[in-house]
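*Asks:* dropping a prediction and its sequence here:
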Amino acid sequence: MVCGGFVCTKNALSALNILYVLVSLLLIGVAAWGKWFGLVSSIQVVAGVIGVGVFLFFVAFVGLCGALKHHQVLLFFYMMVLSIVFVLQFSVSCACLALNKDQQNLLLEAGWNKSKGTQKDLERTLNCCGFSQVDNSSCPAVCVNTSSCVACADILQNYAGQVLQFVGSIGLFFSFTEVLGVWLTHRYRNLKDPRSNPRAFL
C-alpha cells in the first residue's frame with residue numbers, strides 16, 4: 001500500500017492522536033506534581049492546566065477511536081473540534097509572540113491581581129514582595145528578614161519575554177500539527193476501507 005493510502009493515513013492519524021494523548025497526560029501529571037510538592041498553591045492555576053489536559057485527552061481519544069474504527073461521526077466531530085482549537089491556539093500563539101514590553105507589563109499585572117495564591121507562590125519562589133512597589137506586610141519571601149526585598153515586577157519582566165516567546169513558539173508548532181490532523185482526518189474520512197465491501201458507500 002502506497003503512503004497516502006488507507007492504511008498509511010490511518011496509522012499517521014493514530015500516531016498523531018497517541019502523541020496528543022501523551023501530551024495531555026504530561027500536562028495533567030505536571031500540574032498534579034506541582035500541587036503535590038507545593039510549587040503551586042493556586043487551585044485555579046492547577047485546575048486550569050488539568051482542565052486543558054483532560055480536554056486534550058478527550059479530543060485525542062475521540063480521534064483515536066475514530067481512526068481505529070473508521071467511524072464517520074467521530075471523525076467529523078474530531079475534525080470540527082480540532083479546527084476550532086487550531087484557530088484559538090494559533091491566535092493566542094501569535095498574540096504571545098507579538099506582545100511588546102508595555103503589553104507584557106499589563107498582562108503580568110492583571111495576572112498578579114487575579115489570585116492571592118499566585119502572588120504568594122511568586123513572592124516565595126522569586127524572593128520578592130509586591131508587584132510594582134515593595135510590600136512587606138504579608139510577604140512570605142525570605143528577603144523580608146533581611147530588608148533587601150525588591151518588587152516582583154522587575155524580576156518578572158526579565159523572564160516574561162522569554163516565557164512568552166517559548167509559549168508562543170510551542171503553541172505555534174502544535175497548531176500546525178492540528179492542521180495536519182484536520183487534513184489527515186478529512187482525507188481518511190473519504191477513503192474506502194479496502195477490506196470492506198467495494199460496493200458499499202461510506
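*Replies:* Yep, that arrived. Numbering: from 1, shown residues only.
*Asks:* after the helix or strand bottoming out on mean pLDDT in the chain, heading C-terminal, what element do we hit next?
*Replies:* Across the helices and strands of the chain, mean confidence by mean pLDDT, DSSP states H and E is lowest for helix 143-146: a mean of 75. Next in sequence after helix 143-146, counting helices and strands by DSSP states H and E, comes helix 152-189.
*Asks:* ranges for the helices of the chain?
*Replies:* 6-36, 43-69, 72-98, 101-114, 116-126, 143-146, 152-189 (DSSP state H).
*Asks:* now render the ones you listed as JSON lines, adding mean neighbour count.
*Replies:* To be clear about C-beta, it is placed using only N, CA and C from the backbone, and glycine gets the same treatment. Below are those laid out as JSON lines (neighbours: other Cβ atoms under 10 Å):
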{"stretch": "helix 6-36", "mean neighbour count": "16"}
{"stretch": "helix 43-69", "mean neighbour count": "17"}
{"stretch": "helix 72-98", "mean neighbour count": "16"}
{"stretch": "helix 101-114", "mean neighbour count": "14"}
{"stretch": "helix 116-126", "mean neighbour count": "17"}
{"stretch": "helix 143-146", "mean neighbour count": "13"}
{"stretch": "helix 152-189", "mean neighbour count": "16"}
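*Asks:* for these, which one sits closest to residue 133?
*Replies:* Ranking the helices of the chain by their distance to residue 133 (criterion: Cβ to Cβ) puts helix 152-189 first, at 8.9 Å.
*Asks:* between helix 101-114 and the closest one, find me the angle.
*Replies:* 90 degrees (axes from the mean of the first three to the mean of the last three Cα atoms, to 10 degrees).
*Asks:* list the helices and strands helix 152-189 packs on?
*Replies:* Applying 3 or more Cβ pairs under 8 Å, 6 or more residues apart in numbering; DSSP states H and E, one finds that helix 152-189 contacts helix 6-36, helix 43-69, helix 72-98, helix 101-114, helix 116-126.
*Asks:* tell me who's in contact with the residue nearest to the spatial centre of the chain.
*Replies:* The centre of the chain sits closest to residue 52, judged by Cα atoms, centre = their mean, with a distance of 6.5 Å. Applying Cβ atoms under 8 Å, 6 or more residues apart in numbering, we find residue 52 in contact with residue 27.
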